[in-house]
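Asks: Based on what follows, work out the 3D shape:
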Amino acid sequence: MYAFRPVSNPAYREAVVTYTLPQPMAVRLRAYTLDGREVLLRDLGLQPAGTFQETLNLPAGQYFLRLETPYGLSTTRLTVIE
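Replies: Numbering: from 1, shown residues only. Predicted coordinates:
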């Protein structure tokens, strides 16, 4: 459906994730700690087709990142170190 991944993993202080959309669609990005607490929600709105980057400032730790669209969701794991 769409590509979604951290640019570097582990990330140092600042994480950059990329995602590619095959067609215009609404997008949300969420980050969760390993115990399930949501620590980030970005409603990115309606995005055109193409490849995009988002920079995340998260404290050191391990996270699940979830990209949500009306057509499904994709999850990846991210480690942030200082």
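
Asks: where exactly do the helices run in this structure?
Replies: Taking DSSP state H, the chain contains no helices at all.

Asks: OK, contacts around Arg5?
Replies: 17-19, 76 (CB atoms under 8 Å, 6 or more residues apart in numbering). Heads up, the C-betas are built off the backbone N, CA and C, glycines and all.

Asks: And those residues, which of them are buried?
Replies: Buried members of the contacts of Arg5, scored by 16 or more other CB atoms under 10 Å, are 17, 19.

Asks: Which one of the contacts of Arg5 is nearest to Leu34?
Replies: Comparing those against Leu34 with CB to CB places Thr76 closest, at 13.4 Å.

Asks: which ones are touching the closest one?
Replies: Thr76 touches 4-6, 17, 64-65, counting by CB under 8 Å, 6+ apart.

Asks: on that earlier part again, among the contacts of Arg5, which ones are in strands?
Replies: 17-19, 76 (DSSP state E).

Asks: now, which of these sits nearest Thr33?
Replies: Nearest to Thr33 out of the ones in strands among the contacts of Arg5 is Thr76 (CB to CB; 14.6 Å).

Asks: And that closest one, how far from Arg13?
Replies: Per CB to CB, to the nearest Å, Thr76 is found 19 Å from Arg13.

Asks: ok, back up a step: present the ones in strands among the contacts of Arg5 as JSON lines; the columns should include pLDDT.
Replies: Output for those, formatted as JSON lines (pLDDT from 0 to 100):
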{"residue": "Val17", "pLDDT": "94"}
{"residue": "Thr18", "pLDDT": "95"}
{"residue": "Tyr19", "pLDDT": "95"}
{"residue": "Thr76", "pLDDT": "94"}
